[in-house]
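K.L.:
just coords:
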């Protein structure tokens, strides 16, 4: 992701809540001054047990997307080691509520928010959009125009499929769910975004690598199909050589195209145009 020097400002840090430790978020802005900016609300990956808003992957996305005209809000949340998954979701909710409540002082357009995350952070983003639209939580969904998830598990049970060759993935989800599917099957179902897709889901962009051995590409294929079946605009981009976190490793033309298509998707949904189906193709 190439970023022009001077096209974004250094992030400002805000404490959005305090648990045993303060939980913070960083906001990146475009260098061009405006009264308010469309918002990209970003959750980091790390299997729900590691990672932070300071990961190089997050800061790279933050600077890049800010350079393209968005205010990027990168959040921290509690880990699944000593916390229940619902507490991670609570942190996500609270961070989002914070920026809505403080949108004026932060120069954020709370009517134009796109949720985004990579890997585990993508699952949190998908879950928020799917769950709250499924249950008609209008106030929570107010201003949410779309969701972007790069290589995110949409069905937590998929992390136990034969396509997964990652002890970390299975350790992470076992730690977070407090057990394997044999002992916590209902929890795996309860927190899987794919189980809350309805005709009220917001437009969605999914990006995945076909060679991902940490989160299988089938999880995004299934989700994309289900969203489309509900009549909601959804697009899936698959990189034939992509592994997990492939945008950080592959600097090829196709990866750059996927990054640009992410920007295009965000701009389209923020402008209330729903022509995202044109993005949907299997890359070859």
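P.N.:
Structure's in. What do you need? On a predicted model such as this, the values are computed, not experimentally measured, just so you know.
K.L.:
list the contacts for the residue most central in space within the chain?
P.N.:
Note on the chain: the residue nearest the mean C-alpha position is residue 117, at 2.0 Å, using C-alpha atoms, centre = their mean. Residues near residue 117 by C-beta atoms under 8 Å, 6 or more residues apart in numbering: 42, 43, 44, 45, 123, 124, 125, 126, 148, 149, 150, 152. (Glycine included, C-beta is placed from N, CA and C.)
K.L.:
Let's see that with 10 Å instead.
P.N.:
With contact taken as C-beta atoms under 10 Å, 6 or more residues apart in numbering, residue 117 is in contact with 41-45, 58, 61, 75, 92, 123-128, 147-150, 152.
K.L.:
Among those, which lie within strands?
P.N.:
Among the contacts of residue 117, the subset assigned to strands under DSSP state E consists of 41, 42, 43, 75, 147, 148, 149, 150.
K.L.:
Give the buried subset of those residues as a ChimeraX selection command.
P.N.:
For the buried members of the ones in strands among the contacts of residue 117, the matching ChimeraX selection, counting by 16 or more other C-beta atoms under 10 Å, is:
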select :41,42,43,75,147,148,149,150
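K.L.:
Farthest pair within the ones in strands among the contacts of residue 117?
P.N.:
75 and 150 (16.1 Å; C-beta to C-beta).
K.L.:
For this structure, just list every one of the helices.
P.N.:
56-67, 85-101, 120-134, 138-141, 167-177, 181-190, 218-229, 253-270 (DSSP state H).
K.L.:
taking those helices together, which one is wrapped up most tightly?
P.N.:
helix 120-134 (a mean of 25; mean count of other C-beta atoms under 10 Å).
K.L.:
related to what we said a few turns ago, export the helices of the chain as a markdown table, with columns for distance to residue 50.
P.N.:
Compiled in a markdown table, the helices of the chain are given as follows (distance: least, C-beta to C-beta, whole Å):
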| stretch | distance to residue 50 |
| --- | --- |
| helix 56-67 | 12 |
| helix 85-101 | 13 |
| helix 120-134 | 9 |
| helix 138-141 | 27 |
| helix 167-177 | 8 |
| helix 181-190 | 20 |
| helix 218-229 | 20 |
| helix 253-270 | 24 |
